[in-house]
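Chemist: fold the following for me, if possible:
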Amino acid sequence: MMDDDRAVLFVGAGPGDPELITVKGQRALAGADVVIYAGSLVPEAVLKWAKPGAKTLNSAGMHLDEIVAEIRSGWEDNKRVVRLHTGDPSLYGAIFEQMMALDRHGISYRIIPGVTAAFAAAAAMGIEYTLPEVSQTLILTRMAGRTPVPEAEALEKLAAHGTSMAVYLSISLIDRVADILANAYGPEAPVAVAYRVSQPDEKIRFTKVSDLVETVRTENITRQALIIVGKVLGPRVGGEGVEPSRLYDRHFSHGFRKAEFDSVND
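Modeler: Now for the predicted structure:
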C-alpha cells in the first residue's frame, strides 16, 4: 500500500445510519471529487456528506475492471477518489482485489475503517459479546453458498465452540443455519436476527433457535440481516444474570487501582 496526498481512499460507510460513518470517513467524502459507492448495501443517505457537484457512481452493476477503470480515470485526472464500502471494508468488502489492481497501476491508496453491522446490532440490542465467564470470543462468519468457505471454517465447526457468533450473508440459507445452530447451541438457545440495523426500517427480533426459521419467514426477512447467537443473549431475554467483571471490582487490583478491603477481612 502506497501513501501520498492523492491517494484513493477506501472508506467504511458504517451499517447504514449516515451518522455512524467515522469523522474521518465523513471528511473524506466531503473532499471527494469522485465517489464510487457499493449501492447494493450503502444507502444513498450516506452520500449526503459528499460535496455538491461530486461525481457519484453506483458500483452495484459494475464488474471489477469497470470499477478499477473509474478509479484510475479519476486518479489520473488528479481527482480525489473515494471508494465507499458498507460497514468496515475489511470484512466481506472484496477490497483486496481492488487494491491489488491499483498496485499494478501504481495508484496509491489508504483505508479508513468503519463500523460493521455486528457492532451496530450489539448497540441496538444492548448486549456485550464478551461477558465475563460466559463468552470471551466473538466469531464473525458466513455460511458457504455460491461463494465457498474453507473446509476448516464450515459453520458446523465454528458453531461447535459455543462462542458468541454473528453470521453474515446467510439469511437465504436460514433452514440450514438453524439446523447447525440447534445442534451446536441447542434448540432452546437464544438467537437474534438483526435486519438493516441502524437504518429507518431496522428490525431486531429475539427468538430461540427452534423458532428461528419461522421468525425469519414471518418477518419476511430475505436479505441484509445478521443472525446472532450465543449465551450472551441470555441475560437480555430474561435469563440468569452474569458475574460482574474484575475490571471495576473494588476488591481487585490492577495497574491503575489498588484493591480495597472490607475491615472485617483486614
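
Chemist: give me the neighbour count for Ala28.
Modeler: The number of residues packed around Ala28, counting by other C-beta atoms under 10 Å, is 23. C-beta coordinates here come from the backbone N, C-alpha and C atoms, glycine included.

Chemist: kindly report the same for the one 10 residues further on.
Modeler: Ala38 is flanked by 20 other residues according to other C-beta under 10 Å.

Chemist: tell me the spacing between it and Tyr185.
Modeler: 32 Å (C-beta to C-beta, to the nearest Å).

Chemist: can you check Lys203 too?
Modeler: Relative to Tyr185, Lys203 is positioned 22 Å away (C-beta to C-beta).

Chemist: who has more neighbours, the two?
Modeler: A side-by-side neighbour count of Lys203 and Tyr185, using other C-beta under 10 Å, places Tyr185 first with 20 against 15.

Chemist: check contacts around that one.
Modeler: Contacts of Tyr185 were listed using C-beta atoms under 8 Å, 6 or more residues apart in numbering, and they are Ala159, Gly162, Val191, Val209, Val229, Gly230.

Chemist: now do Ile127
Modeler: Taking C-beta under 8 Å, 6+ apart as the definition, contacts of Ile127 comprise Val232, Leu233, Arg236.

Chemist: which pLDDT value belongs to it?
Modeler: Looking at Ile127, its pLDDT stands at 95.

Chemist: that one: what secondary structure?
Modeler: Ile127 falls in the coil class when you classify it by DSSP: H, G, I helix; E, B strand; the rest coil.

Chemist: cool, and Val193?
Modeler: What three-state DSSP gives for Val193 is strand.

Chemist: use 45 as the first number for this chain going forward.
Modeler: Okay, using 45 as the starting number, the last item reads as Val237.

Chemist: how many residues are close by it?
Modeler: Val237 has 22 nearby residues by other C-beta under 10 Å.

Chemist: kindly report the same for Glu263.
Modeler: The number of residues packed near Glu263 is 14, by other C-beta under 10 Å.

Chemist: ok, which stretches of the protein are strands?
Modeler: Secondary structure of the chain (DSSP state E): strands at 52-56, 78-81, 99-102, 125-129, 153-156, 182-186, 208-212, 234-239, 247-252, 269-273.

Chemist: output the below-cut-off pLDDT ranges for the stretch 95-244 of the chain.
Modeler: Counting by pLDDT under 70, the stretch 95-244 of the chain contains no low-confidence segment.

Chemist: which parts of it are helices?
Modeler: Listed in chain order, the helices found in the stretch 95-244 of the chain under DSSP state H, counting those that start in this stretch are 108-120, 140-148, 161-169, 199-203, 218-229.

Chemist: CSV for the ones you listed, including distance to Asp61?
Modeler: Putting the helices of the stretch 95-244 of the chain into CSV (distance: least, C-beta to C-beta, whole Å) gives the following:
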stretch, distance to Asp61
helix 108-120, 25
helix 140-148, 25
helix 161-169, 8
helix 199-203, 29
helix 218-229, 25
